[in-house]
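Participant: next come a sequence and a model predicted from it.
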Amino acid sequence: MTFEEAGVETYIVITETFLPLVRAQAKARGANPKLLIVKHPVGGLNEDELRERIQTAFGELKTVLAA
Amino acid sequence: MSDPLNDEFLDLGDMDFDAFNDFAIDQGWSDGMPMIPPTEAKVAACVATCHGDNAPFPPMSPRLVLPTLETIAANAVMAGCKPEYFPAVVASVRAILNPDYNLHGTLATTHPCAPMIVVNGPARNVMGINCGANCFGQGWRSNASIGRALMLTMMNVGGGKPGDMDRSTQGSPAKYSFCFGENEEESPWEPYHVRRGFNAEDSVVTLLPAEPPHNVNDHGSTTGDGLLQTIAGSISQTGANTIYGSAPFMVVIGPEHAATMKRDGWTVPAIQEKLHHDSATPVERVSKENQKNYEERGQVIQNGRYYHSRTPEDIQVVVAGGPGKHSAVIPTFGFTEACSERLPIR
Amino acid sequence: MRIVNPSFGRQLDAGAKAVSEKSPTDWLNDPVAIISNSKPNAMELLQGVRKLMGEFRSIDNVDYMDKPSAAHPAPPELVERVINNYRGAIVALAD
């Protein structure tokens, strides 16, 4: 969020499980972060399982890149 | 429109004890057990014990609002504290708000750490804190309610609600309350708070984000060497957070084990030195995947081992408990420091 | 019964939010920092995202860096490095 204030547009990758925590922190700081939300978990996944998370995280970014 | 539940005072009409508890549970204020209504008079009686303690509190993670003495006292009343316990609650809140404690990390983590409170000094006797037999267990109002008051404050002021902003995978029973005192009277060494630089007549709390105590049973060893070998083996578990986040953790030596160590000439620094080295976990006991994980996180292997402590001084040695051949190891979250605060009383 | 609200806390004065005078980030060309939280698979996930970004970007100025510990906030040196050298950031924060 410090990044955004300094002009560095920021996307945050989080798993859906951590949404309430991240939203509460953002609210407390008066910030509105851009989130790339993927299914939980990320740790412990094998390569095939991780591919799905990568595609999901990239999905939102893709619309920005292709704009 | 502002939410009336954000107000400092709430008028609950003619609610009785049961209705208050139904309401409080609906608000998410409880740890699951019934609570005492925090009436203005009861809160004022607590606050009066800390008269003159005007230092502002820093914001409390994850909600990042500023606690007041009154709102901490409301949680202490709900937890069942007598007013004279309140200075220990206030000092504990200040300790977890020390940035070195890493409060946000301890809540955002999936590790089950709870705020462990160790009390030293004359306040133990004033408050009737159990330092002897069953010191980690049930039966003492001060132990039970001081630890509970801190946890309720973290939930209600800090916003660390379980399953929501307290992200622990399984939690632990220590999250209800985890407070005990050092058995200074039966310790053969200087009190813990004196070793941390306080005066013997100071009353001090020391906090660590901790797992519940892991028991160390040793009826067979008749020497300090033998006992310390058993304790080192108990620290050396492969599933401890400190295996990749070396940090302070606690070793609570039972008075009978302590007496044996003292007889054999063991000092606290010598115990720390021995445990520091002997508790390090041999690499071959750790899975290959975890070895890679620890390496990526920057944990270094020394002498073919993972060290749980950065230095011997990381090992926090206290004496507590009653008769019997048991001690305890209290592992921590890692990524933290032991934080001590003097109680705001003489 | 009148009680003291156990969840009351004074609001932190967030102050006026700084507004950057920089132009909007050009995600096709501007330098981008990818920051891992050092948790297992975070690096692999972010590297996968970086690779997919490469199909759209012609300039190879997406850099990868590590927050040393998942359990602590990013150190000031890392924050400063990103602010001074990059216009976009992708951060792994919580999993």
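Facilitator: Alright, I've got the coordinates. What you see is a predicted model; the values in this text were computed from it and never measured. Numbers count the residues shown, from 1 in each chain, chains lettered A, B, ... in the order given.
Participant: now the residue lying closest to C:Ala33 once chain neighbours are set aside: how far from B:Val118?
Facilitator: Nearest residue to C:Ala33, sequence neighbours excluded (C-beta to C-beta, 6 or more residues apart in numbering or on different chains): C:Tyr86, at 4.2 Å. Glycine gets a C-beta too; all of them are placed from N, C-alpha and C. From C:Tyr86 across to B:Val118, the span is 45 Å (C-beta to C-beta, to the nearest Å).
Participant: check contacts around the nearest residue to C:Gly88 once chain neighbours are set aside.
Facilitator: Closest residue to C:Gly88 apart from its sequence neighbours, by C-beta to C-beta, 6+ apart: C:Val32 at 4.0 Å. Counting by C-beta atoms under 8 Å, 6 or more residues apart in numbering or on different chains, C:Val32 touches C:53, C:61-63, C:86-90.
Participant: if you set the cut-off to 10 Å instead, what comes out?
Facilitator: Contacts for C:Val32 (C-beta atoms under 10 Å, 6 or more residues apart in numbering or on different chains) come out as A:8-11, A:61, C:25, C:50, C:53, C:57, C:59, C:61-64, C:82, C:86-90.
Participant: again with C:Ser7
Facilitator: B:5-6, B:10, B:27-29, B:63, B:65, B:71, B:74-75, B:152-153, B:155-159.
Participant: just the buried ones from those, in PyMOL syntax?
Facilitator: Only the buried entries of the contacts of C:Ser7 go into this PyMOL selection, using 16 or more other C-beta atoms under 10 Å in any protein chain shown:
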select buried, chain B and resi 10+29+63+65+71+74+75+152+153+155+156+157+158+159
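Participant: of the contacts of C:Ser7, which ones also sit close to chain C?
Facilitator: B:5-6, B:10, B:27-29, B:63, B:65, B:71, B:74-75, B:152-153, B:155-159 (C-beta under 10 Å from any C-beta of the partner chain).
Participant: among those residues, which are located in strands?
Facilitator: B:10, B:65 (DSSP state E).
Participant: any idea how far C:Asp63 is from C:Asp30?
Facilitator: Between C:Asp63 and C:Asp30 the distance is 12 Å, computed by C-beta to C-beta.
Participant: what helix or strand is residue 63 located in?
Facilitator: Because you didn't say which chain, this covers chain A. Per DSSP states H and E: A:Thr63 is located in helix A:47-66.
Participant: wait, chain C was what I had in mind.
Facilitator: In this structure, C:Asp63 sits in strand C:62-66 according to DSSP H and E.
Participant: what helices and strands are in contact with that strand?
Facilitator: Where contact means 3 or more C-beta pairs under 10 Å, 6 or more residues apart in numbering or on different chains; DSSP states H and E, strand C:62-66 is packed against strand C:32-36, helix C:42-54, helix C:76-85, strand C:88-94.
Participant: okay, these in TSV with mean pLDDT next?
Facilitator: Formatted as TSV, those follow (pLDDT from 0 to 100):
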stretch	mean pLDDT
strand C:32-36	92
helix C:42-54	91
helix C:76-85	90
strand C:88-94	86
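Participant: which one is residue 6 nearest to, not counting chain neighbours?
Facilitator: If you meant another chain, say so; for now it's chain A. Ranked by C-beta to C-beta, 6+ apart and with sequence neighbours excluded, the top spatial neighbour of A:Ala6 is C:Ile83, at 4.3 Å.
Participant: nope, chain C
Facilitator: Among residues not flanking C:Pro6 along the chain, B:Ala74 sits closest, at 4.1 Å (C-beta to C-beta, 6+ apart).
Participant: tell me the pLDDT of the one you found.
Facilitator: For B:Ala74, the pLDDT comes out at 98.
Participant: contacting residues around B:His276?
Facilitator: Counting by C-beta under 10 Å, 6+ apart, B:His276 touches B:232, B:235, B:246, B:307-315.
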